[in-house]
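*Asks:* build me a model:
(2 chains)
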Amino acid sequence: MRLEDLVRASVAEAVTARGWTVPAEIPVDRAARPEHGDLTTRVAFHLSREFGAPPAEIAARLASELAAHPPFAKVEPVGGFVNFTLRPEAVHDVLRKILADGEAYGRGDEGRGKAVQVEFVSSNPTGPLTIGHLRQAALGDVVAELYSRLGWRSIREYYLNDEGRQMDLLARSLWARYRQACGDDQPVPADGYHGEYLAALGEELARAWGDRYPGWDESTRAVFREEAVARVMAMIHEDLDAIGVRFDVWTREGDLHRRGLVQEALGELQRRGAVYEKDGALWLASTKHGLSRDPVLIRSDGTPTYTMVDIAYHLEKRERGFDLVIDVQGADHVDEQQQVLLALKILGFPGGFLRYCLHQFVTVKGEEGIQRMSTRAGRFLRLKDLVVEVGRDVARYFMVRRKPQSHLVFDLALARNTSMENPVYYVQYAHTRIASLFREAEREGIAPPDLRTVDLSPLTDPCELALIKELDRFPDVVRIAAHEFAPHLLCEHVESVSGLFHPYYARVRVLGQGPVTAARLTLLAAVRHVLAEGLTILGVSAPEEM
RNA sequence: GCGCCCGUAGCUCAGUGGACAGAGCGUUGGCCUCCGGAGCCAAAGGCCGCAGGUUCAAAUCCUGCCGGGCGUACCA
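*Replies:* Have a look, this model is predicted:
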């Protein structure tokens, strides 16, 4: 049994024995300080509210009730807390459980029979992906993986917004670059896309097509738009390949129009009286529901806005039968998110159907100081180039190491650093060292320990017990990281495991220690397993050799 | 102006209302013939932005300020 559950069950038993009612939640925490033992419960505070007795008194009674429970070496009331010190055997049982569970350790079944869609990146095809998109790509991919660990069927989806004004601007910018390559002095529009990538494409097109498109007209626009989108999508695919993110479904905006979903959604909103007409446009009455502005849904020229299509898209998502939809978006979309959430509420969607995973932007700390990315201004670090430079593992790990809603400063110098100062290598190196140790054991003819017969009693070193107790947290970390869209908790966990392992490894010899060797190898097999699982969830490799 | 996010060690950041606030980097001082040194140990370093409030208990919840980011489009 997991350690917290062990304490929880014992406390429930003691509470019942005392004749009190067991609270719905029995809070059990890891002890903050060594003198508080291993685990602690504040349940006495809760019982105190209910029964009037002082917390310290309740804690004392519970402690005396629990003192004789076999898993505990010591049960001590301090103030209103009850602190538990575990017997080593109870800790060793966790180790057995981890190894016996194997693949299943850290997985859950809360999502059995349910499907979640994670929509992320969804970048307009106006340029290659940048380090800014990387955060979203890494985040979305990990969130999808976390949910699948909890038993959900998870779908990774990219919404391809390849219609509208921005695409025209892109086409016009590319055409200007093409004309420049033909020798014309044609400027890129001020509000167009100024990146070098279009200049390179323009030159290619000039070579291929010669002077075929001297002037800007409707048919030229169509040609350049199609060409631009195709070329840019090829770049985006290269970038996604570079970081190893694969999408299951690509949804194009055009499909939503063709299937009449926009009309359907609009009609539904109108029927519910949520839409009004003003200045020839149709607006969503949002301020009535406390939002700060009303967005246009249908422009006066009859075309739907991004917001309108976005609402229709969520109608489509529901029709596809998802139980949960997670949209990963940058901080510039908050207003949009509030509008969509409101629209879905008006349309009678169940609350909690759509959850936004919102993230702040990335700045890069490099030679030129701190800079923000801008695709439009052509000021960006292309994702693929970054991966070539620091590697996929580092690129991805750095992006999910921080809480999504915090600003992230990408430290290029630290990313380039290949020593253990770089947290990615620190964790990977822990895994590698253990792998190496097992190879060495094999060379020396030491068989891997048999879980059924191995004697774990030699594992008495505080470091060894601390390691097992940390490994015991892994399933909770996975669950919480998923629910709170917080992959950084997983980084923290694998770093913490590694941080316990490295000093231990430096101090303690494993091989050639008689019966101790088998016990220590068992421990390290579990450490290796959890590190490998954690890294895999994060989309980072767990190398056997470095 | 209004909305959302952030403010914690020199830097980058953790911290589901609980006990004396943590990690990595950086700084300083030690150690290292041994299974992978791409190390190990230790120290210094803090009015948790400010002020109120709720609570037995606040970095955490509420209110008001201050500072930074993003948004506030018939762009996406």
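*Asks:* quick one: the helices in the stretch 401-546 of chain A?
*Replies:* A:412-416, A:423-443, A:462-471, A:474-483, A:488-507, A:515-537 (DSSP state H, counting those that start in this stretch).
*Asks:* any idea which of those gets closest to A:Ala312?
*Replies:* helix A:474-483 (28.2 Å; C-beta to C-beta). C-beta coordinates here come from the backbone N, C-alpha and C atoms, glycine included.
*Asks:* which parts of the closest one are buried?
*Replies:* A:474-475, A:477-479, A:481-482 (16 or more other C-beta atoms under 10 Å).
*Asks:* domain parsing for chain A?
*Replies:* For chain A, the structural domains run A:3-86, A:364-416, A:420-537, going by automatic domain parsing.
*Asks:* please produce JSON lines containing those, extended by mean pLDDT and distance to A:Ala115.
*Replies:* Shown next, in JSON lines, are the domains of chain A (pLDDT from 0 to 100; distance: least, C-beta to C-beta, whole Å):
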{"stretch": "domain A:3-86", "mean pLDDT": "90", "distance to A:Ala115": "29"}
{"stretch": "domain A:364-416", "mean pLDDT": "82", "distance to A:Ala115": "23"}
{"stretch": "domain A:420-537", "mean pLDDT": "92", "distance to A:Ala115": "15"}
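*Asks:* would you turn these into CSV with distance to A:Ser300?
*Replies:* Below are the domains of chain A laid out as CSV (distance: least, C-beta to C-beta, whole Å):
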stretch, distance to A:Ser300
domain A:3-86, 55
domain A:364-416, 26
domain A:420-537, 38
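*Asks:* and those as JSON lines, adding distance to RNA strand B?
*Replies:* Putting the domains of chain A into JSON lines (distance: least, C-beta to the nearest atom of the strand, whole Å) gives the following:
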{"stretch": "domain A:3-86", "distance to RNA strand B": "3"}
{"stretch": "domain A:364-416", "distance to RNA strand B": "3"}
{"stretch": "domain A:420-537", "distance to RNA strand B": "3"}
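*Asks:* A:Leu344 is nearest to which of the ones you listed?
*Replies:* Using C-beta to C-beta as the measure, domain A:420-537 is the one of the domains of chain A that comes nearest A:Leu344, at 18.9 Å.
*Asks:* of all the helices of the stretch 401-546 of chain A, which one is nearest A:Ala67?
*Replies:* Closest among those, once you apply C-beta to C-beta, is helix A:462-471, at 20.7 Å.
*Asks:* give me the angle between that closest one and helix A:474-483.
*Replies:* Calculated by axes from the mean of the first three to the mean of the last three C-alpha atoms, to 10 degrees, helix A:462-471 forms an angle of 40 degrees with helix A:474-483.
*Asks:* from A:Ala222, how far off is the residue lying farthest from the centre of chain A?
*Replies:* In chain A, counting by C-alpha atoms, centre = their mean, A:Asp211 sits farthest out from the average C-alpha position, at 48.4 Å. According to C-beta to C-beta, to the nearest Å, A:Asp211 and A:Ala222 sit 18 Å apart.
*Asks:* and if you look at A:Pro503?
*Replies:* On the measure of C-beta to C-beta, A:Pro503 and A:Ala222 end up 65 Å apart.
*Asks:* check A:Leu170 too.
*Replies:* Applying C-beta to C-beta to A:Leu170 and A:Ala222 gives a distance of 13 Å.
*Asks:* repeat that for A:Leu99.
*Replies:* 62 Å.
*Asks:* between these two, who's got more neighbours?
*Replies:* A:Leu99 (17 against 11; other C-beta atoms under 10 Å).
*Asks:* do I have it right that the more buried one meets A:Leu524?
*Replies:* No. Counting by C-beta atoms under 8 Å, A:Leu99 stays clear of A:Leu524, with 11.0 Å between them.
*Asks:* between the domains of chain A, which gets nearest to A:Ser148?
*Replies:* Between A:Ser148 and the domains of chain A, the shortest separation by C-beta to C-beta is 9.3 Å, and it involves domain A:420-537.
*Asks:* endpoints of that closest one, how far apart?
*Replies:* End-to-end span of domain A:420-537 (C-alpha to C-alpha, to the nearest Å): 21 Å.
*Asks:* and it, how far from the chain's centre?
*Replies:* 23 Å (C-alpha atoms, centre = their mean, to the nearest Å).
*Asks:* look up phi and psi at the residue lying closest to A:Arg382 once chain neighbours are set aside.
*Replies:* Spatial nearest neighbour of A:Arg382, excluding adjacent residues (C-beta to C-beta, 6 or more residues apart in numbering): A:Pro128 at 5.1 Å. With angles defined as degrees, to the nearest 10, A:Pro128 sits at phi -60, psi 170.
*Asks:* what is the burial count for A:Pro128?
*Replies:* 23.
*Asks:* what does A:Glu89 give?
*Replies:* 12.
*Asks:* in three-state terms, label it for me.
*Replies:* helix (DSSP: H, G, I helix; E, B strand; the rest coil).
*Asks:* A:Ile298 touches A:Pro304, doesn't it?
*Replies:* Yes. With contact defined as C-beta under 8 Å, A:Ile298 reaches A:Pro304; the gap is 5.6 Å.
*Asks:* between the two, what contacts are shared?
*Replies:* In terms of C-beta atoms under 8 Å, 6 or more residues apart in numbering, A:Ile298 and A:Pro304 are both contacted by the residues A:Leu266.
*Asks:* those two: which is more packed in?
*Replies:* Legend: neighbour count by other C-beta under 10 Å for A:Ile298 and A:Pro304, higher for A:Pro304 (24 against 18).
*Asks:* next up, the contacts around A:Leu531.
*Replies:* Counted by C-beta under 8 Å, 6+ apart, A:Leu531 has contacts A:427, A:430-431, A:434, A:494, A:497-498, A:542.
*Asks:* contacts for stretch A:65-72?
*Replies:* Against stretch A:65-72 from outside (C-beta under 8 Å, 6+ apart): A:6, A:10-11, A:14, A:17-18, A:75, A:82, A:84-87, A:89-90.
*Asks:* next, the buried residues of it.
*Replies:* In stretch A:65-72, counting by 16+ other C-beta under 10 Å, buried: A:65-66, A:69, A:71-72.
*Asks:* having no further points to raise, I will conclude here.
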